[in-house]
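Trainee: Sequence plus the predicted model coming up.
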Amino acid sequence: MPTPPLDPKVVIDIDGYLRPNIPAIMQRYDAYKTWRDTFDKYEGGYDKFTQGYLKFGLNLGPKGEVIYREWAPNAQEAYLIGEFNEWNRTSHPMTRDDFGVWEITIQPLPSGQCGIPHDSKLKISMVLPSGERIERLPVWVKRVTQDLKVSPVYEARFWNPPKEEVYKFKNPRPPKPTNIRVYEAHVGISTAEGRVGTYKEFTRDILKRIKDLGYNVIQLMAVMEHAYYASFGYQVTSFFAASSRYGTPEDLKELVDTAHGMGLTVLLDIVHSHACKNVLDGLNEFDGTDHLYFHEGGKGRHDLWDSRLFNYGSHEVLRFLLSNLRFWVEEYGFDGFRFDGVTSMMYLHHGIGAGFSGGYHEYFGDAVDQEAVVYLMLANEILHSLFPHLITIAEDVSGMPLLCKPTGQGGVGFDYRLSMAVPDMWIKLLKHKGDDQWNMGDIVHTLTNRRHGEKSIAYAESHDQALVGDKTIAFWLMDKEMYTNMSDLTPMTDVIARGLSLHKLIRLLTNSLGGEGYLNFEGNEFGHPEWLDFPREGNGNSFHYARRQWNVVDDPLLRYRYLNNFDAAMNKLAGKYGWLDAPQVRISPLKTEDSSHSASTSSQAYVSLKHEGDKVIVFERAGLLFVFNFHPSASYTDYRVGVETPGEYVIALTSDDPAYGGFGNVDLKTRYWTRPEKWNERSNWLQVYVPSRTCLVLVKDK
């Protein structure tokens, strides 16, 4: 069935300001439609087209034979070599079809055993038109290993374990989550010891922590095999191989399946924005040319990342990338993807030196890489069509309109985009401004400045802010006193009191006001005492900072547990009342102590106060009333705040609770009654006691 055309009126109804850009939106949609129709005409539809991993690479046939196919059009000859044939370069020649695809079938041994032993090493050996012989790792290989004692270059292995050793999934996938609260994690750093952690340890030790903290989604980083540990997984060499640093493919399957059994959704941090430029164990120059999977010349190179860039306009590259997405869903059970580097993909300048002002010309002009945008449209549409439960998240700093609208509405099709301006705001405030200079209006604007009807995931800090060279929020707040005054046996200094208080306020405000989803990086929930730095030459290849110090949060005498407790309470409250799914916040005009204005109250979410002098922010969302006092010294008794729904309110959460490192100044049993008088454009008001650097969440008592 042909892909239906796009109705421009659908786009204009979403955003009338897009009218001048309708030609560009139609052009990219038509390119997307052409690819969809091409798949239907020549490939039997995108369902079949995206199962490339069942055709290419090493696969078992019905009689136990091994069938190996590889696309290498520049090769004149090709041979499969490995331990199975004692690396004989001529004994197993491959045959080529008209499209440059090489193929060979390895029959079972007379004993019936597979002709290539499980976990044995192999390569493809090719002769080029020049007569040069090159040897590469199979592109679609599912297992590669690295022995740094011998060489940093990976070795390909044929992964075909005996049936009794193949992991069998036991648990159904959880339903597609709402109110998503994402725990961004890296398996390798998930141990307190100075080494690389394993899939099995993560399954045993970390999944329960994530569940207990109230997160419902895990985002796993650095799973696709990458050449250099310190690249944080962003220099991918083998796109179908789960990193062997952490264990076997079966171990990863167990991790995902166990998470499903706990009701946790698992996303993969997918890197399709670029590839490692390694030749011997990557995609680069696979068949002797520089333009097989990538653009040739400068267009195919990312200077800042020192990596190669895919040719998204190539039929076979689309087969490779789209099949790669499907592989991780079907082989390992992942429930979706966070797409890395989407901004770099969508623009020819890759975001380098480009500041996005929000002008629509920036999103539809000559700087846009239409082929890359169309690839993302295809990826999202195919994933959501084949697997309706999947979630896709875009790492995009540009704010491209329609990024999170379905392709049928002219969009790119993502479910969420990351609100990357939010962590930048918090770090800049902590770095450059004293507490008394924090502007409440600016904070609220940054947290609510997102496109209506397109979902965002807010976060106070992710892995980017945890890396060496930067500081986590906890480190910006408390610095060296984290090493001397985080014990309950030591005095509560002004620095620690401020740090604990603002750490909680920043997180709750970001969570409750910043988006339709929330994200936290592993360990930051309890104010991890050190940054993240992987072993590298510059630090003596030390693992000291490439770990998570769970010991400090588990110690009943240390104050890290207070932050951890608050994070859990915040997430569970968000899950209970569903504020992340409440309609997007309607921003009222800037409210000051002496201004008055009329504003609609039809939205369920509404900011009623941003008081610069008092440093107070008040808003409602999902029937809850949130009050934040960021003032460094002033506490307010009988502080009047507006609320739309009348009734009797009680405290659902306060950062002042001693269980969260608070001072216990707020009586948790206090009841608050509304008065039927208009205040801050709300129909009622009530009065609260809100101490300095404290937040309150009130809920109507039923």
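Mentor: Structure's in. What do you need? Keep in mind that this is a model prediction, so the values were computed, not measured.

Trainee: Show the low-confidence segments of the chain, by residue range.
Mentor: 1, 584-604 (pLDDT under 70).

Trainee: Just want the most central residue of it.
Mentor: Per C-alpha atoms, centre = their mean, the C-alpha nearest to the average position across the chain is that of residue 338, at 3.9 Å.

Trainee: what kind of secondary structure is that residue in?
Mentor: strand (DSSP: H, G, I helix; E, B strand; the rest coil).

Trainee: again, but for the one 5 residues further on
Mentor: Recorded secondary structure, residue 343: helix (three-state DSSP).

Trainee: ok, now which ones touch it?
Mentor: 350, 351, 395, 396, 397, 398 (C-beta atoms under 8 Å, 6 or more residues apart in numbering). (Glycine included, C-beta is placed from N, CA and C.)

Trainee: Select from the residues you listed the one having the most neighbours.
Mentor: residue 396 (25 neighbours; other C-beta atoms under 10 Å).

Trainee: who's in contact with that residue?
Mentor: Residue 396 touches 342, 343, 346, 403, 417, 418, 420, counting by C-beta under 8 Å, 6+ apart.

Trainee: Please tell me how far it sits from residue 649.
Mentor: To residue 649, residue 396 is 38 Å away according to C-beta to C-beta, to the nearest Å.

Trainee: quick revisit: filter the contacts of residue 396 down to the ones in helices?
Mentor: 342, 343, 346 (DSSP state H).

Trainee: how long is stretch 480-498 end to end?
Mentor: 14 Å (C-alpha to C-alpha, to the nearest Å).

Trainee: all numbers from here: first residue = 38
Mentor: Let's use 38 as the start, then, which means that last one is stretch 517-535.

Trainee: just to revisit the earlier point, from the contacts of residue 433, which is closest to residue 729?
Mentor: residue 457 (30.5 Å; C-beta to C-beta).

Trainee: Could you find the closest non-adjacent residue to that closest one?
Mentor: Using C-beta to C-beta, 6 or more residues apart in numbering and skipping residues adjacent in sequence, the residue nearest residue 457 is residue 434, 4.5 Å away.

Trainee: could you dump the contacts of residue 433 to JSON lines with distance to residue 534?
Mentor: Shown next, in JSON lines, are those (distance: C-beta to C-beta, whole Å):
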{"residue": "379", "distance to residue 534": "40"}
{"residue": "380", "distance to residue 534": "39"}
{"residue": "383", "distance to residue 534": "44"}
{"residue": "440", "distance to residue 534": "41"}
{"residue": "454", "distance to residue 534": "36"}
{"residue": "455", "distance to residue 534": "32"}
{"residue": "457", "distance to residue 534": "30"}
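
Trainee: ok, those residues vs residue 71, which is closest?
Mentor: Out of the contacts of residue 433, the member with the shortest distance to residue 71 (by C-beta to C-beta) is residue 383, at 18.9 Å.

Trainee: what's the burial count for the closest one?
Mentor: 25.

Trainee: Quick check: residue 162 vs residue 126, distance?
Mentor: In terms of C-beta to C-beta, residue 162 sits 5 Å off from residue 126.

Trainee: so what's in contact with the two at the same time?
Mentor: In contact with both residue 162 and residue 126: 116, 118, 170, using C-beta under 8 Å, 6+ apart.

Trainee: hmm, which of these are the buried ones?
Mentor: 116, 118 (16 or more other C-beta atoms under 10 Å).

Trainee: between the contacts of residue 433, which is nearest residue 654?
Mentor: Nearest to residue 654 among these, with distances taken as C-beta to C-beta, is residue 457, at 21.6 Å.

Trainee: correct me, but the closest one touches residue 432?
Mentor: Yes - if you go by C-beta atoms under 8 Å, residue 457 and residue 432 touch, sitting 7.3 Å apart.

Trainee: and residue 300, which of the three is it?
Mentor: Per three-state DSSP, residue 300 ends up coil.

Trainee: Just the buried positions in stretch 154-164, please.
Mentor: 154, 158, 159, 160, 161, 162, 163, 164.

Trainee: Strands - which of the residues you listed land there?
Mentor: 158, 159, 160, 161, 162, 163, 164 (DSSP state E).

Trainee: Show the contacting residues for the first one.
Mentor: Residues in contact with residue 158 (C-beta under 8 Å, 6+ apart) are 119, 120, 192, 193, 194.

Trainee: Likewise for the third one?
Mentor: Neighbour list for residue 160: 117, 118, 119, 172, 173, 174, 175, 193 [criterion: C-beta under 8 Å, 6+ apart].

Trainee: export these to TSV and tack on distance to residue 671 and secondary structure?
Mentor: Listed next are these as TSV, based on distance: C-beta to C-beta, whole Å; DSSP: H, G, I helix; E, B strand; the rest coil:
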residue	distance to residue 671	secondary structure
117	75	strand
118	75	strand
119	73	strand
172	71	strand
173	67	strand
174	64	coil
175	66	coil
193	65	strand
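
Trainee: Of these, select the buried ones using a ChimeraX command.
Mentor: Listed next is the ChimeraX selection for buried residues among these, using 16+ other C-beta under 10 Å:
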select :117,118,119,173,174,175,193
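
Trainee: Can I get stretch 200-213 in PDB, CA atoms only?
Mentor: Extracted C-alpha coordinates of stretch 200-213, given in PDB (Å, rounded to 0.1, in the frame of the first residue of the first chain):
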ATOM      1  CA  LYS A 200      20.900 -24.700  23.200                       C
ATOM      2  CA  GLU A 201      21.100 -25.300  27.000                       C
ATOM      3  CA  GLU A 202      23.300 -22.200  27.400                       C
ATOM      4  CA  VAL A 203      21.100 -19.900  25.300                       C
ATOM      5  CA  TYR A 204      19.200 -17.500  27.700                       C
ATOM      6  CA  LYS A 205      15.500 -18.000  27.500                       C
ATOM      7  CA  PHE A 206      13.400 -14.900  28.300                       C
ATOM      8  CA  LYS A 207      11.000 -15.600  31.200                       C
ATOM      9  CA  ASN A 208       9.100 -12.300  31.700                       C
ATOM     10  CA  PRO A 209       6.800 -10.300  29.400                       C
ATOM     11  CA  ARG A 210       7.700  -6.800  28.500                       C
ATOM     12  CA  PRO A 211       6.100  -4.300  30.900                       C
ATOM     13  CA  PRO A 212       3.300  -2.100  29.400                       C
ATOM     14  CA  LYS A 213       4.600   1.100  27.700                       C
END
